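1. what follows is a predicted protein model with its sequence.
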Amino acid sequence: MKIIEGGVCAAAGFKAGSVRCGIKESRANDDTAIIVSDCECAAAAVYTMNRVKAAPLYVTMEHLENGVARAIVANAGNANACAPDGMENARRMAKAAADLLQIGEDEIVVASTGVIGQRLPVECIEAHLPELVLEDDASEKANRAIMTTDTKTKTAAVEFTIGGTVCRIGGICKGSGMIHPNMGTMLSFVTTDCAITHEMLQEALQENVRKTYNRVTVDGDTSTNDMCVVLANGKAGNDLIEWQDEDYQTFVKALNEVNTRLARQLAADGEGATKLVTCTVAHSRTEEAAERLAKAVVGSNLVKAAMFGADANWGRVLCAMGYSKAPFRPEYVTVSFVSNAGSVTVCEKGAALDFDEDIAKKVLSESEVTILVDVNEGDEQATAWGCDLTYDYVKINGDYRT
């Protein structure tokens, strides 16, 4: 497997483009993107687990019932969630994209992100979408067009070989706030030229999301608009993946690499964040227990605040583990903090160790910090990703709507 450039345009047969429709008057840059394949694709998707779902998700669910799609249209600035005329406007958005691309409306995936509860001004999308120009290398443009409070684009792509055939898979995503396990406000669009059935694609995505996006948290809020979509057009020419064979496992590894990289970028760009915080729980009884423990640690506001202040307050780590409802024995636990500046072990067998506070401060002052937790009870492990909690998070969300 090789890391490559290109994002959603890395795979053969995919183009992208963006345009400013004026969905939000204060936004000067492009706000609507399209990703399209030269031919029909097998399609798979996973959606938010929030019971309140935005209209675009319901329209996309309808369109993907047959497991086939060809294009994605997505806008920023308005979530079209809990909004007047939501379903009608989501369908009008799909039709506007279908008319531009000269394909069927049911071949369009529709996604939106932005403010909840306001009517989507779909008329401006209908008016300006025909101005959009598709390009072979416009992944970055499409990525920027779907950003809201994001400060960085988020992209990943890999090249891999199946049965002697070179395949590619790449993606983009957006998300900075309202991010919590169960998909995270995140949109993730992944494309591949690997030939794989809808059933195998859906199975691979469903399992992979559980170990990537669902292990990310920024602020504990699960959005109404979360969606991860994968389109596979088969243009690489490999033998069709129809079973969980060796080729399927190779594809799963490639998908995991892309989605893990995107998930980490989501966590690192949390609203107001200054550092990516990773928690790995090792030697757990089960992977499920390790996952629950790791999520609790990166999701703790007190841990996140300590990371912001570069304070080696390891008691907060054990506290978060304790309310996670995962089984572990506190008296077996070892906690260490690790970064490019070194490492420091602060707790062993559930009790404090003497450690150098100055060294700990240097370790925790890096832009990426890992909390290693060894529960010393088994052979399983899991990793979750989050960020620190800063003053800017409150500033950003205090006037987000207005």
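-> Noted; the coordinates are in hand.
2. by residue count, what's the longest strand in this protein?
-> Longest strand in the chain, counting residues (DSSP state E): strand 32-47.
3. check which residues of that strand are buried.
-> For strand 32-47, the neighbour count (16 or more other Cβ atoms under 10 Å) marks 32-37, 41-47 as buried. C-beta: built from backbone N, CA, C; applies to glycine.
4. partner strands of it, parallel or antiparallel?
-> Sheet pairing of strand 32-47 (DSSP bridges) gives strand 14-19 (antiparallel), strand 68-78 (antiparallel), strand 227-232 (antiparallel).
5. now the closest residue in space to residue 298 that isn't next to it in sequence, which residues is it bridged with?
-> Excluding its sequence neighbours, the residue lying closest to residue 298 (Cβ to Cβ, 6 or more residues apart in numbering) is residue 386, at 3.2 Å. Note on residue 386: beta-bridge partners by DSSP bridges are residue 277.
6. quick one: contacts for residue 386?
-> By Cβ atoms under 8 Å, 6 or more residues apart in numbering, residue 386 lies in contact with 216, 217, 218, 267, 270, 277, 278, 279, 298, 299, 304.
7. which ones among those residues map onto strands?
-> Using DSSP E, those in strands are 277, 278, 279.
8. quick one: the helices in the protein, in order.
-> For the chain, applying DSSP state H gives helices covering 55-63, 86-101, 122-128, 139-145, 198-211, 246-268, 287-299, 301-308, 315-322, 357-364, 391-398.
9. so which of those helices gets nearest residue 169?
-> helix 246-268 (5.1 Å; Cβ to Cβ).
10. what is that closest one packed up against?
-> Contact partners of helix 246-268 among helices and strands, from 3 or more Cβ pairs under 8 Å, 6 or more residues apart in numbering; DSSP states H and E: strand 154-162, strand 165-174, strand 187-192, helix 198-211, strand 276-284, strand 380-387.
11. just give the nearest non-adjacent residue to residue 153, would you?
-> With sequence-adjacent residues excluded and distances taken as Cβ to Cβ, 6+ apart, residue 153 is closest to residue 143, at 4.2 Å.
12. burial measure for the one you found, as a count.
-> 24 (other Cβ atoms under 10 Å).
13. sorry, back to before: most packed of the strands paired with strand 32-47?
-> Most buried of the strands paired with strand 32-47 by mean neighbour count (mean count of other Cβ atoms under 10 Å) is strand 227-232; its value is a mean of 27.
14. for residue 389, give me the pLDDT.
-> pLDDT for residue 389: 88.
15. test my guess that it contacts residue 299.
-> No. Taking Cβ atoms under 8 Å as the definition, residue 389 is not a contact partner of residue 299, at 10.6 Å.
16. make sure residue 138 is actually in contact with residue 15.
-> Yes. Taking contacts as Cβ under 8 Å, residue 138 lies within contact range of residue 15: 7.0 Å.
17. need the overlap of contacts for those two.
-> Contacts common to residue 138 and residue 15, judged by Cβ under 8 Å, 6+ apart, are residue 9.
18. can I get the helix or strand of the chain with the lowest mean pLDDT as PDB, trimmed to CA atoms?
-> Sorting the helices and strands of the chain by mean pLDDT, DSSP states H and E puts helix 391-398 at the bottom, at a mean of 77. Only the C-alpha atoms of helix 391-398 are listed here, as PDB (Å, rounded to 0.1, in the frame of the first residue of the first chain):
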ATOM      1  CA  TYR A 391     -11.300  29.100  25.200                       C
ATOM      2  CA  ASP A 392     -11.900  29.400  21.500                       C
ATOM      3  CA  TYR A 393     -14.300  26.500  21.400                       C
ATOM      4  CA  VAL A 394     -16.800  28.700  23.500                       C
ATOM      5  CA  LYS A 395     -16.100  31.700  21.400                       C
ATOM      6  CA  ILE A 396     -16.800  29.900  18.100                       C
ATOM      7  CA  ASN A 397     -20.000  28.300  19.400                       C
ATOM      8  CA  GLY A 398     -21.300  31.300  21.300                       C
END
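19. and that helix, what does it pack against?
-> Using 3+ Cβ pairs under 8 Å, 6+ apart, helix 391-398 sits against no helix or strand.
20. nothing else from me, thank you.
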